[in-house]
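In: sequence? don't have it. structure:
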């Protein structure tokens, strides 16, 4: 086989894997891990159930691969965020805005995380890749917090993991609970007219907590 033919086969395999992951993401987000069917995923792709198992091994491994890719997208964006030139308050606000934007733009990610929680995070726990993915993003927050404390701006006794939880909880709730919140309170958390208000509110909430409510210099 020629080098060109090898490259072509590699490209075809990459495209096939990507297409399977795209469809599997949609199907798992729609039907859940238990309800999703590999037959249905195969029917919606240009491949077969046998080929899916060839690439991913099993339904469980396919779901894990879907989770790994979904987390890689947000974690990669966090690590690529250029905030070193910003003051600590602006850097944290930018990070919060990135999480806000990502969760809104990726509702399937929210559903997948919800589904994985139903299954007690068994797929995430078993994935070495996912454990490696998350800590570099926490390091980004830790560096910003350190700069904020060194400057005297941040006074809250909080570590990077807890601050990550604070930011994520607002962003996650807004998407995951959109329909129940609207049914209970008559307010759509994804109303485009209110988007900037919520986005600003998140940043204000986080900065206010970190600074003890003191005005920024």
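Out: Yes, it's here. This is a predicted model, so every value here is computed, not measured.
In: so what does the longest helix along the chain touch, helix or strand wise?
Out: Secondary structure of the chain per DSSP state H: the longest helix is helix 3-35. If you count contacts as 3 or more Cβ pairs under 8 Å, 6 or more residues apart in numbering; DSSP states H and E, helix 3-35 packs onto helix 38-43, helix 49-56, helix 59-80, helix 107-118. To be clear about C-beta, it is placed using only N, CA and C from the backbone, and glycine gets the same treatment.
In: now do the helix or strand of the chain with the lowest mean pLDDT against helix 49-56, angle only.
Out: The helix or strand of the chain with the poorest confidence is helix 3-35; it has a mean of 82 (mean pLDDT, DSSP states H and E). Relative orientation of helix 3-35 versus helix 49-56 (axes from the mean of the first three to the mean of the last three Cα atoms, to 10 degrees): 100 degrees.
In: buried set for helix 3-35?
Out: Residues 16-17, 20-21, 23-29, 32-33 are the ones in helix 3-35 that count as buried (16 or more other Cβ atoms under 10 Å).
In: any weak-confidence spans in the chain?
Out: Counting by pLDDT under 70, the low-confidence segments of the chain come to 1-11, 217.
In: care to break the protein down by domain?
Out: When the chain is parsed with automatic domain parsing, its domains come out as 1-57, 63-211.
In: max pairwise distance over the buried residues of helix 3-35: which two?
Out: 16 and 32 (24.5 Å; Cβ to Cβ).
In: report the central residue of this structure.
Out: Note on the chain: the residue nearest the mean C-alpha position is residue 74, at 4.4 Å, using Cα atoms, centre = their mean.
In: isn't that one right up against residue 110?
Out: No - between residue 74 and residue 110 there is no contact under Cβ atoms under 8 Å: 10.8 Å.
In: tell me which element residue 214 is part of?
Out: According to DSSP states H and E, residue 214 maps onto no helix or strand at all.
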